[in-house]
Each structure stands twice: as C-alpha cells, then as structure tokens.
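S.K.: the amino acid sequence is not available; the structure is as follows:
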C-alpha cells in the first residue's frame, strides 16, 4: 500500500514539473512575443514525440513558446518551429 502511495505521488510531481518547465506551443504569436530563432527536430515516428522534442529544444534555447511552421515525412517525421521569448 505504501508503494502505491509513493508511486502516485511521484507520478503527480513529475506531471507538475514537466508542465512548468516546457515551452508552450502557440498557433499565432501575440504582439508582445519576440522571435528569437528557428529550431528543428527529426527522426520521430509520432507527432506527439515530435512536439516533445521541439518543446525541449525551445526550453533549452531559453524560449517561452514555439510555433510549428512545417512538418514533413512519412515514417520518420521532421519539423521546423519558430521560437519566441
């Protein structure tokens, strides 16, 4: 029983910390956002995996948000995104 409580607590904390550190995906940049660059991610088999890679790269670059501008591929996907601060 104690292990179940510890697992539930760890899962909850990991979800909270992931959401607080990841860059936010936007569909249209607002007027107060400043474009700081372009990032790309490749070799992902799912769109959600591709979004996770882009979010991590945006975070590493110091961006608060990103906007996907292109996605290509069949089995291995590639995407480009603009990053904003």
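M.R.: All right, it came through fine. Note that the coordinates shown come from a computational prediction; the quantities given were computed from them, not determined experimentally.

S.K.: from now on I want contacts and neighbour counts done on CA atoms only, so please keep to that.
M.R.: Noted.

S.K.: which residues in the protein form strands?
M.R.: Counting by DSSP state E, residue ranges of the strands within the chain are 24-25, 35-44, 65-72, 77-84.

S.K.: just name the most buried of those.
M.R.: strand 77-84 (a mean of 22; mean count of other Cα atoms under 10 Å).

S.K.: how about JSON lines for the strands of the chain, with mean pLDDT and distance to residue 52 added?
M.R.: Shown next, in JSON lines, are the strands of the chain (pLDDT from 0 to 100; distance: least, Cα to Cα, whole Å):
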{"stretch": "strand 24-25", "mean pLDDT": "86", "distance to residue 52": "10"}
{"stretch": "strand 35-44", "mean pLDDT": "95", "distance to residue 52": "9"}
{"stretch": "strand 65-72", "mean pLDDT": "94", "distance to residue 52": "11"}
{"stretch": "strand 77-84", "mean pLDDT": "95", "distance to residue 52": "11"}
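
S.K.: and for residue 26, the neighbour number?
M.R.: 13 (other Cα atoms under 10 Å).
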